[in-house]
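Enquirer: Fold the following, please.
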Amino acid sequence: NVILQPQPTITMTPGNGVICPNETVQLTCNGSGQFEWFGPNGPVGNTASIAVNTPGTYFCIRSDQFGCELVSNSLEIEQYATPFILTDGEPILCNGASVVLSAVASSGSSIQWLPPLTGSQTEQLVTAPGVYTCQITACGIVTEASINVVATEVSAVVSAVGQTTVCEGDSVVLMANSGQTSYQWNPGSSQDTVIVVFESGQYSLTTFDANGCSATSAPVTVTMVPNTVNPPLVEDTAVCPGGYAVLVANATGIVYWFDEAEEEQVVHQGTTFTTPELQFPQTYYVQQKGTYCLSNRAPVIVTIDDC
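Expert: You can find the predicted model right below:
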């Protein structure tokens, strides 16, 4: 007859297999015969029961009266370690996101989360910044483990330099708030802190911090107004040598007068311009500004009559 011998079974005391400070774990292999124990560093004993104080994997080989060598199950023995709370990555709470808190403790530990949290589960999901604590009991040692979850400081703010409604052909400068790790403008793909906009549209900014948290600004509307402003109507005139002319512009906007076609220096502002005394013919240029746009410059010719 063939007799099948059952596999030896190891039991341990305490049942959680944790080596508490200054203590051991008792391992017992059932049955009778000769015993040989093996641990993480090789052979560790030859009795039915052994006491171990080194963490690792243990198993037993039992030789019975028939000379059969039977290999037991394996058990993992742990060393007690001070409990703590762990997060996946930094304990940073991104905008609108959550953080998973994990209590890390020896097997068989008793876990109790303290207010504002409740429960005895290993993990907790939090959506608000703050200090979170759990009370962990293992080996008769009570530990209060805490972790401080902070909110991200990432922010996205767009500021316009000047007006956001301008004349077509002009531009609007948009600036991002400083202090962020990286920037992304939309539309477009610029990663600069300042962009120059030449087209109408809604522009927003997304920023990122070093932890990958992001924030998106409110959109800024840029409007390019078509230029429909015409130059003022002014009649040419003539004066005697040494005389002066009074030039009157027919305009509804702000009127600027120049003494050269490309000169930026305004010689007068207003619908009526009295020239200085003139000895020679002079051409002036007049321009009108609407709400957003400037007209082209129109020439006004003052000639000298033979008076």
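Enquirer: Can you pull out the low-pLDDT segments for the stretch 51-200 of the chain?
Expert: Scanning the stretch 51-200 of the chain for pLDDT under 70 picks out no residues.
Enquirer: Number of residues surrounding the residue lying closest to P231 once chain neighbours are set aside?
Expert: The shortest distance from P231 to any non-neighbouring residue, by CB to CB, 6 or more residues apart in numbering, is to A298 (3.6 Å). (Glycine included, C-beta is placed from N, CA and C.) Residues within reach of A298, counting by other CB atoms under 10 Å, total 16.
Enquirer: what sits against A298?
Expert: 231-234, 285-287 (CB atoms under 8 Å, 6 or more residues apart in numbering).
Enquirer: and if we set it to 10 Å?
Expert: 230-234, 249, 284-288 (CB atoms under 10 Å, 6 or more residues apart in numbering).
Enquirer: now do A51
Expert: By CB under 10 Å, 6+ apart, the contact set of A51 is 13, 19, 23-27, 44-45.
Enquirer: same check, this time on F84
Expert: Counted by CB under 10 Å, 6+ apart, F84 has contacts 102-105, 134, 136, 143, 145-147.
Enquirer: Likewise for Y203?
Expert: With CB under 10 Å, 6+ apart, Y203 has these contacts: 158, 160, 164, 172, 174, 185-188, 195, 197, 217, 219-222.
Enquirer: can you give me the strands for the stretch 101-250 of the chain?
Expert: 110-113, 123-126, 130-138, 141-151, 158-161, 165-167, 172-176, 182-186, 194-197, 201-208, 214-216, 220-225, 237-239, 246-248 (DSSP state E, counting those that start in this stretch).
Enquirer: now the angle from the fourth one to strand 130-138?
Expert: By that I understand strand 141-151. Angle, strand 141-151 to strand 130-138, by axes from the mean of the first three to the mean of the last three CA atoms, to 10 degrees: 160 degrees.
Enquirer: Of all the residues in strand 141-151, which ones are buried?
Expert: For strand 141-151, the buried set under the neighbour-count rule, 16 or more other CB atoms under 10 Å, comprises 145, 147, 149.
Enquirer: Test my guess that the first one contacts A138.
Expert: In other words, A145. No. A145 lies out of contact with A138 (CB atoms under 10 Å); the separation is 11.3 Å.
Enquirer: joint contacts of the two?
Expert: Common neighbours of A145 and A138 are listed as 82-83, 105, 111 (criterion: CB under 10 Å, 6+ apart).
Enquirer: I'd like to know how far A145 sits from S98.
Expert: 20 Å (CB to CB, to the nearest Å).
Enquirer: Oops, could you answer that again for P226 instead?
Expert: 49 Å.
Enquirer: Of those two, which one has the most company?
Expert: S98 (13 against 10).
Enquirer: List the residues that contact the more buried one.
Expert: 124-128, 149.
Enquirer: wait, which of the residues you listed is closest to W37?
Expert: Q124 (40.2 Å; CB to CB).
Enquirer: list the contacts for N186?
Expert: 201-206, 216-217, 219.
Enquirer: Recalculate using a threshold of 7 Å.
Expert: 204, 206 (CB atoms under 7 Å, 6 or more residues apart in numbering).
Enquirer: Looking at the contacts of Y203, which is nearest Y244?
Expert: The closest of the contacts of Y203, once distances to Y244 are taken by CB to CB, is V172, at 41.9 Å.
Enquirer: Can you name the residues bridging to that closest one?
Expert: V197 (DSSP bridges).
Enquirer: and the gap between it and N186?
Expert: 16 Å.
Enquirer: now do Q279
Expert: Distance from Q279 to N186, by CB to CB: 61 Å.
Enquirer: Equivalent analysis for P115, please.
Expert: Taking CB to CB, one finds P115 at 42 Å from N186.
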